[in-house]
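**Q** need a structure here:
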Amino acid sequence: MHDLIRDNLEEYLRGSAKSVPQEFQAHLEACEDCARELRLHETQAEMLRTLRSTSEVEPRAGFYARVMERIEAQDRSSIWSVLLEPAFGRRLAVACAMLVVLLGTYFVATELSEPMVAVAPTIASAPPASAAIRDVSVPQITVREDSAQQQRQRDAVLVNLASFHE
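**A** The predicted structure follows:
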């Protein structure tokens with residue numbers, strides 16, 4: 001459809017021929033495609049006019065009030081209201097229970113696979129303090145010693161503690 005026809009189509013279909021320019025009629029007589037499409041639009045416009053009610057339709061009393069009540073009743077729910085739904089609550093409880101079971105299984109499995117750590121001896125089975133002191137010689141550490149000297153001293157203490165036998 002050409003621009004001239006498209007721009008003036010609504011006025012022509014409404015029946016106001018005075019507002020339609022003369023070129024409109026001349027173009028319809030010259031262009032068969034535009035004339036055919038205009039006839040189709042006229043047929044559709046006539047069908048739509050038959051559906052129009054003959055009397056003015058007024059909504060029943062209280063219509064607008066009911067619409068406003070429905071709008072207000074459909075308040076926006078927050079994301080937290082989902083937690084109150086029973087189906088979601090059950091799913092959440094099952095998911096939490098499964099998480100606890102999985103974490104428990106993981107911790108039990110990892111504890112069994114780790115080597116056992118030796119427990120410190122009790123006071124009754126501990127060697128006399130004088131024997132422990134004899135084996136370990138700890139030099140006096142001054143505040144100004146460098147870090148290499150401190151590291152050697154720590155290593156010596158750890159070797160003495162690791163090689164101690166009852």
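**Q** how far off centre is stretch 58-65?
**A** Per Cα atoms, centre = their mean, to the nearest Å, the displacement of stretch 58-65 from the mean C-alpha position of its chain is 41 Å.
**Q** apologies, that question was intended for stretch 70-86.
**A** Offset of stretch 70-86 from its chain centre (Cα atoms, centre = their mean): 18 Å.
**Q** next helix or strand past the helix or strand of the chain with the lowest mean pLDDT?
**A** Every helix and strand of the chain was ranked by mean pLDDT, DSSP states H and E. The lowest is helix 129-135, at a mean of 50. Using DSSP states H and E, the helix or strand that follows helix 129-135 towards the C-terminus is helix 147-162.
**Q** pLDDT score for the residue nearest the centre of the chain?
**A** Most central in the chain under Cα atoms, centre = their mean is residue 79, positioned 11.2 Å from the mean C-alpha point. With respect to pLDDT, residue 79 scores 74.
**Q** next one: it from residue 88, what distance?
**A** Here the criterion is Cβ to Cβ, to the nearest Å. By it, residue 79 lies 11 Å from residue 88. C-beta: built from backbone N, CA, C; applies to glycine.
**Q** now swap in residue 52 and tell me
**A** Counting by Cβ to Cβ, the gap from residue 52 to residue 88 is 49 Å.
**Q** neighbour-wise, which of these two wins?
**A** For residue 52 versus residue 88, neighbours defined as other Cβ atoms under 10 Å are more numerous around residue 88 (12 against 6).
**Q** what helix or strand is that one on?
**A** Residue 88 belongs to helix 86-113 when assigned by DSSP H and E.
**Q** tell me the mean pLDDT for that helix?
**A** pLDDT averaged over helix 86-113 gives 88.
**Q** next one: it to chain centre, how far?
**A** With Cα atoms, centre = their mean, you get 23 Å for helix 86-113.
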